[in-house]
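sharing a model prediction with you, sequence too.
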Amino acid sequence: MAYWLLKTEPEEYSYEDLERAGRDVWDGVRNPTAQRHLRAMQPGDLAFIYHTGTERAVVGIARVATAPYPDPQDPAGRFVVVDVEPAGRLPRKVTLAAIKADPAFAGWELVRLPRLSVMPVPEPLWQRILALAGG
């Protein structure tokens, strides 16, 4: 199993929206590096859902429900999407400020490449975020 982080603007699509849907397509990713990460996802992988904008915090966990498949909104067939399902809210949000304050995260993409919308989360960092969230 691999771990990921998926960014979303909560005003456009929030973790609460995913909970209401029960399962949804993770689409709209166009950055080549983020697309490469999407292509590496497998069913059963877990992903933190990170709210961008004014919230800037990891708020919940999603489970990847499908292997990557062609984005139905992309007639050229260059992009892929995956389906995700909610796997639970974090007991406490983990803010970007808390992540940046922790030296363990210094080399992670969330800190180094803040515009990247899909990124891997090394297992030690996954566990650290869970600990910071109180879970």
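Ah, there it is. Predicted, not measured: the structure shown is a model, and the values here were computed from it.

report the buried residues of the helix or strand bottoming out on mean pLDDT in the chain.
Within the chain, no helix or strand scores below helix 109-112, which has a mean of 94 by mean pLDDT, DSSP states H and E. Residues of helix 109-112 classed as buried by neighbour count (16 or more other Cβ atoms under 10 Å): 109-110. Where you see a C-beta, it was placed from the backbone N, CA and C, and this is true even at glycine.

again, but for stretch 96-104
Neighbour counts over stretch 96-104 (16+ other Cβ under 10 Å) mark 96, 98-99, 102 as buried.

right, and the helix or strand after the longest strand along the chain?
Longest strand in the chain, counting residues (DSSP state E): strand 80-95. On the C-terminal side of strand 80-95, the nearest following helix or strand under DSSP states H and E is helix 96-101.

show me how far that next one is from its chain's centre.
Between the centre of helix 96-101 and the centre of its chain there are 17 Å (Cα atoms, centre = their mean, to the nearest Å).

all strands for this structure, in order.
Assignment of strands within the chain using DSSP E yields the ranges 3-8, 24-26, 46-51, 57-64, 69-70, 80-95, 118-120.

wait, isn't Glu11 in contact with Glu55?
No: the pair Glu11 / Glu55 is not scored as a contact, 9.6 Å apart, by Cβ atoms under 8 Å.

tell me which of these two has more neighbours.
Between Glu11 and Glu55, counted using other Cβ atoms under 10 Å, the more crowded position is Glu55 (16 against 11).
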